[in-house]
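Visitor: Mind looking at a prediction? Sequence and model below.
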Amino acid sequence: MGDTQTPVMPLARSITAGLRAAMAADSRVMLLGEDIGRLGGVFTVTAGLQEEFGVRRVVDTPLSEGGIIGSAIGLAKAGFRPVCEIQFDGFIFPGFDQITSQLSRMTTRHAGSLAMPVVVRVPYGGGIGAVEHHQESPEAYFAHTPGLRVVSPGSPDDAYWMIQQAIESDDPVLFFEPKRRYWQTGPVELSAAVVGLHRARVLREGTDVTLVGWGAMVGVMADAALAAEQDGVSAEVIDLRSLAPIDYGPILRSAEKTGRVVVVQEAPASVSVASELAAQVSQRCFFSLEAPVIRVGGFDVPFPPARLERLQVPDVDRVLEGIQAALDYSIQEVRRP
C-alpha cells in the first residue's frame, strides 16, 4: 500500500472498493450475479460485500443471465440501482436479448420518464489461459446498440471511480473489466475522480504517431510507446475509456498533431470499435493525415485454445508493426504515376 491518501491496489480490488463506496453511499445499490455472494465471484471482485451489506443487497442468482438482467430491469423500475455481474464475457449472450431489446429501450419507450440505472459488469478479454466463451471481447455488439453506455477502465484509479460513476448514471452502462489487468497494481486517488466517465485520456504526449486503445491494451500501448522511443519514435498514447459515447476531441487533436494513428484492440478488427474510430478519424482529419489509420486487433477467428492465445491477442511487437506501417507509408509514392 502507498500512503493513506493514495493507496496502491490491483484493478480488481479497486472495483471492489468502488462497489463498497457506492453501496455505502446509496442503500438502493444492489449486486446480482452467479456466486458473487458467499464465494465473492469467480475473480473475487465482490468478496466480503455480502457479509458487509447482507444477502438482500448482494444476491446470489441462478445460472441465468437473462434472468439476472430481467430482474435488474424490474428492480430499476422499482427504484433500485442494480449492478449485475456476468461471470465471463462469453456468457453474456443468454442475456443479450434482455440487454439490447429491453434494457436499452426502456427509457425511450417511456418517452424519457423512466430511468434505467442498471450496470452490467463484464470481465472480458484474454489473459487467463481459459477455453472459448471465457476470453471473448464482445464490446462492439453493445457499443453498436443505441441506449447503452459502454465503458472499460484501463487502470485501478479509473476502475475505482468509473464503477461509481456508472452506478450513478440513470442510463444503463455496460462496464467491461479487462481480466488481463485484474491483478496489475496502480495508485488510486481516493479524494476525487480526475476525469468524467465518458472522457478519453491522454496518458503520454507524443509527436510522431497516436496510439488509441482501451482496457487491457492500454498497458500494451504504453509498453510499445516506450519501445518505440528507443528507436527515436515519439508515440502519443490515448486511453479511450468510453466506447459509447466516444470522446473524439483528444483523438482528433492528436491525429492532427501527429498525422498518423494506430488503433489497438483485443477484439477482431473487422466491423469493430476500431473500425468506427478509423472511419471517424479518416473523415474528420483527412487533410492532416500522413497515412491511413492502422488497426491492430485480434484475428477474425473464434478465440483459440490457451496455447495459441499469444498469437491471437495483440502484443507489443504487433503494435510496433502497426506503428512502423504508419511511419513507412508515403503519400508521394502512392501518388506516383
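Guide: Great, that's in hand.
Visitor: mind saving the C-alpha coords of stretch 139-157 as CSV?
Guide: Provided in CSV are the C-alpha atoms of stretch 139-157 (Å, rounded to 0.1, in the frame of the first residue of the first chain):
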residue,chain,number,x,y,z
GLU,A,139,-17.9,-4.9,-26.6
ALA,A,140,-18.7,-3.9,-30.2
TYR,A,141,-22.2,-5.6,-30.0
PHE,A,142,-23.2,-3.2,-27.2
ALA,A,143,-21.4,-0.1,-28.4
HIS,A,144,-23.5,-0.5,-31.6
THR,A,145,-26.7,-0.5,-29.6
PRO,A,146,-28.4,2.9,-29.0
GLY,A,147,-29.5,3.4,-25.5
LEU,A,148,-26.5,1.7,-23.9
ARG,A,149,-23.4,3.4,-22.4
VAL,A,150,-20.2,1.2,-22.8
VAL,A,151,-17.0,1.8,-20.8
SER,A,152,-13.8,0.0,-20.0
PRO,A,153,-11.2,1.1,-17.4
GLY,A,154,-7.5,0.6,-18.1
SER,A,155,-6.1,1.4,-14.6
PRO,A,156,-7.0,0.8,-11.0
ASP,A,157,-7.7,4.5,-10.4
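Visitor: Quick check, central residue of the protein?
Guide: In the chain, the residue lying closest to the centroid (CA atoms, centre = their mean) is Ser152, at 1.8 Å.
Visitor: ok, for His198, nearest residue in space, not its chain neighbours?
Guide: Nearest non-adjacent residue to His198, counting by CB to CB, 6 or more residues apart in numbering: Ser242, 4.0 Å away. C-beta coordinates here come from the backbone N, C-alpha and C atoms, glycine included.
Visitor: can I assume the one you found is in contact with Gly215?
Guide: No: in this structure, Ser242 is not within contact of Gly215 by CB atoms under 8 Å, at 11.4 Å.
Visitor: So between the two, which is more surrounded?
Guide: Neighbour comparison, Ser242 and Gly215: the larger count goes to Gly215, with 28 against 22 (by other CB atoms under 10 Å).
Visitor: ok, now which ones touch the more buried one?
Guide: Gly215 sits next to Tyr124, Gly125, Ser152, Pro153, Gly154, Phe176, Pro178, Arg181, Glu266 when contact means CB atoms under 8 Å, 6 or more residues apart in numbering.
Visitor: measure it to Phe142 for me?
Guide: Computed with CB to CB, to the nearest Å, the distance linking Gly215 and Phe142 is 14 Å.
Visitor: where along the stretch 1-150 of the chain do the helices fall?
Guide: Applying DSSP state H, counting those that start in this stretch to the stretch 1-150 of the chain gives helices spanning 11-25, 49-53, 65-77, 96-97, 106-109, 139-143.
Visitor: need those in JSON lines with mean neighbour count and distance to Cys285, can you?
Guide: Formatted as JSON lines, those follow (neighbours: other CB atoms under 10 Å; distance: least, CB to CB, whole Å):
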{"stretch": "helix 11-25", "mean neighbour count": "21", "distance to Cys285": "32"}
{"stretch": "helix 49-53", "mean neighbour count": "16", "distance to Cys285": "45"}
{"stretch": "helix 65-77", "mean neighbour count": "20", "distance to Cys285": "38"}
{"stretch": "helix 96-97", "mean neighbour count": "15", "distance to Cys285": "34"}
{"stretch": "helix 106-109", "mean neighbour count": "15", "distance to Cys285": "32"}
{"stretch": "helix 139-143", "mean neighbour count": "22", "distance to Cys285": "21"}
